[in-house]
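**Q** Compute the structure for the input listed below.
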Amino acid sequence: MEEKPRRSPRIQLAIPIRVRGISAQHKFFDEETATILVSKNGIMTQIRNLVDLEAEFHVVNLSNEISGTLRAFWVKTQVKDGFNQMGLEVIGVAGNIWGIFFPPENPTIDEPTAQAWLECKNCHQKVLGPIPQAEVEHLVVGVVVARQCDRCRATTTWQLTIEDDHEAPGGEKAPRAKTRAALKLSIKVMREVDGATVEDVCETLNVSRNGAYFLTAKVYQVGESLKIILPYKKGDATRPASAIVTRQDQVEGPFNHAVGIHFETIVQVILPYKKGRQPIPVPARVVRLDQHPGSYVRSVALHMEADKK
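**A** As a prediction, the model looks like this:
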């Protein structure tokens, strides 16, 4: 059940495309949409039709009219805003379909991979294996992949095992556990302690769209602000993201603290804005992000810090 490592970088880019093929309801469809992520070997996109794993599709880049055949190697079965997300792997294309130069693949580069508990939907056996080649945040709920099952002796459909509500020490329910996937990722945590930056490299127990839960030997404080890199690989120059500690539990073992964090998005805001003026932007935290149904437009709610002067 090994997954081929992805050695080609991904780019977040909206390229208009047309996807033609047969849906899971065995009906022909012809949809115009756009890419979400692009790499040399495939794309992530979303369409209104639900498709089967391993199905092949004819895809046309509408900006240059170059086409190719792509295969669905993961599918998100839960509809979001009327769309089904999926990962498509390039099988054959006529030229540089995306119009992007990707550097030659380096087989010596080992990309950091996440480990997750996968369950065969046919025989229900559970196996710890690598997740599909896509953003972790899109693999939390409702994603299925095609894998070889040793018990079924066939290629079957597998899904990420989502944790049931479990009890924290003291008998309390863990918040939102049912939306978290048991993903084992390396995470780097940076915090300010007595005026110095302290780093802590740990492993997650589970990850959701908005947060993570990781094991550590260090003590954290609820409400503490952090900088995190997830997933983390030594030597990568990845820009840290902001997070805040929401809970800390005592557990058994050498890493005797389990810490829950909530991801924060910090932006710089000029309000009101007038062209030509040069006011000083102020930081704000993204507290809500809503997708407009049937479009790529999003509404954003911000929380701005009060002036402390």
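**Q** Give the pairing partners of the helix or strand Asn84 falls within; include direction for each.
**A** Counting by DSSP states H and E, the element that carries Asn84 is strand 84-93. As defined by DSSP bridges, the strand partners of strand 84-93 come to strand 42-47 (antiparallel), strand 66-76 (antiparallel).
**Q** Tell me the helix or strand right after the lowest-mean-pLDDT helix or strand in the chain.
**A** Sorted by mean pLDDT, DSSP states H and E, the helices and strands of the chain end with strand 282-291, the least confident at a mean of 69. Following strand 282-291 in sequence order, the next helix or strand is strand 298-304 (DSSP H and E).
**Q** Quick one: neighbours of Gly129, just the number.
**A** Using other CB atoms under 10 Å, Gly129 has 17 neighbouring residues. The way it works is simple: take the backbone N, C-alpha and C, and place the C-beta from them, glycine included.
**Q** ok, now how distant is it from Val75?
**A** 17 Å (CB to CB, to the nearest Å).
**Q** Strands of the stretch 101-250 of the chain, residue ranges please.
**A** In the stretch 101-250 of the chain, the strands defined using DSSP state E, counting those that start in this stretch lie at 115-120, 126-130, 143-149, 154-160, 183-184, 186-193, 196-207, 211-216, 225-229, 241-250.
**Q** residues of the strand holding Asn84 that come out buried?
**A** Of all the residues in strand 84-93, those buried under the rule 16 or more other CB atoms under 10 Å are 84-90.
**Q** possible to save these as CSV with pLDDT?
**A** Converted to CSV, the buried residues of strand 84-93 look like this (pLDDT from 0 to 100):
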residue, pLDDT
Asn84, 88
Gln85, 88
Met86, 90
Gly87, 89
Leu88, 92
Glu89, 90
Val90, 91
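**Q** one step back: how about the strands of the stretch 101-250 of the chain in JSON lines, adding mean pLDDT and distance to Thr69?
**A** What follows is the strands of the stretch 101-250 of the chain, written out as JSON lines (pLDDT from 0 to 100; distance: least, CB to CB, whole Å):
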{"stretch": "strand 115-120", "mean pLDDT": "79", "distance to Thr69": "27"}
{"stretch": "strand 126-130", "mean pLDDT": "78", "distance to Thr69": "25"}
{"stretch": "strand 143-149", "mean pLDDT": "80", "distance to Thr69": "17"}
{"stretch": "strand 154-160", "mean pLDDT": "81", "distance to Thr69": "19"}
{"stretch": "strand 183-184", "mean pLDDT": "78", "distance to Thr69": "31"}
{"stretch": "strand 186-193", "mean pLDDT": "90", "distance to Thr69": "35"}
{"stretch": "strand 196-207", "mean pLDDT": "89", "distance to Thr69": "33"}
{"stretch": "strand 211-216", "mean pLDDT": "90", "distance to Thr69": "37"}
{"stretch": "strand 225-229", "mean pLDDT": "90", "distance to Thr69": "36"}
{"stretch": "strand 241-250", "mean pLDDT": "89", "distance to Thr69": "36"}
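**Q** Looking at the ones you listed, which is nearest to Glu54?
**A** strand 143-149 (5.2 Å; CB to CB).
**Q** Does anything pack onto that closest one? Which helices or strands?
**A** For strand 143-149, the packing partners by 3 or more CB pairs under 8 Å, 6 or more residues apart in numbering; DSSP states H and E come out as strand 66-76, strand 115-120, strand 154-160.
**Q** Quick one: these as JSON lines, columns for distance to Gly21 too.
**A** Formatted as JSON lines, the helices and strands packed on strand 143-149 follow (distance: least, CB to CB, whole Å):
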{"stretch": "strand 66-76", "distance to Gly21": "9"}
{"stretch": "strand 115-120", "distance to Gly21": "25"}
{"stretch": "strand 154-160", "distance to Gly21": "18"}
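**Q** closest to Lys218 out of those strands?
**A** Comparing these by CB to CB, strand 115-120 comes nearest, at 22.7 Å.
**Q** so Ala14 sits in a strand?
**A** No - secondary structure of Ala14 (DSSP: H, G, I helix; E, B strand; the rest coil): coil, not part of a strand.
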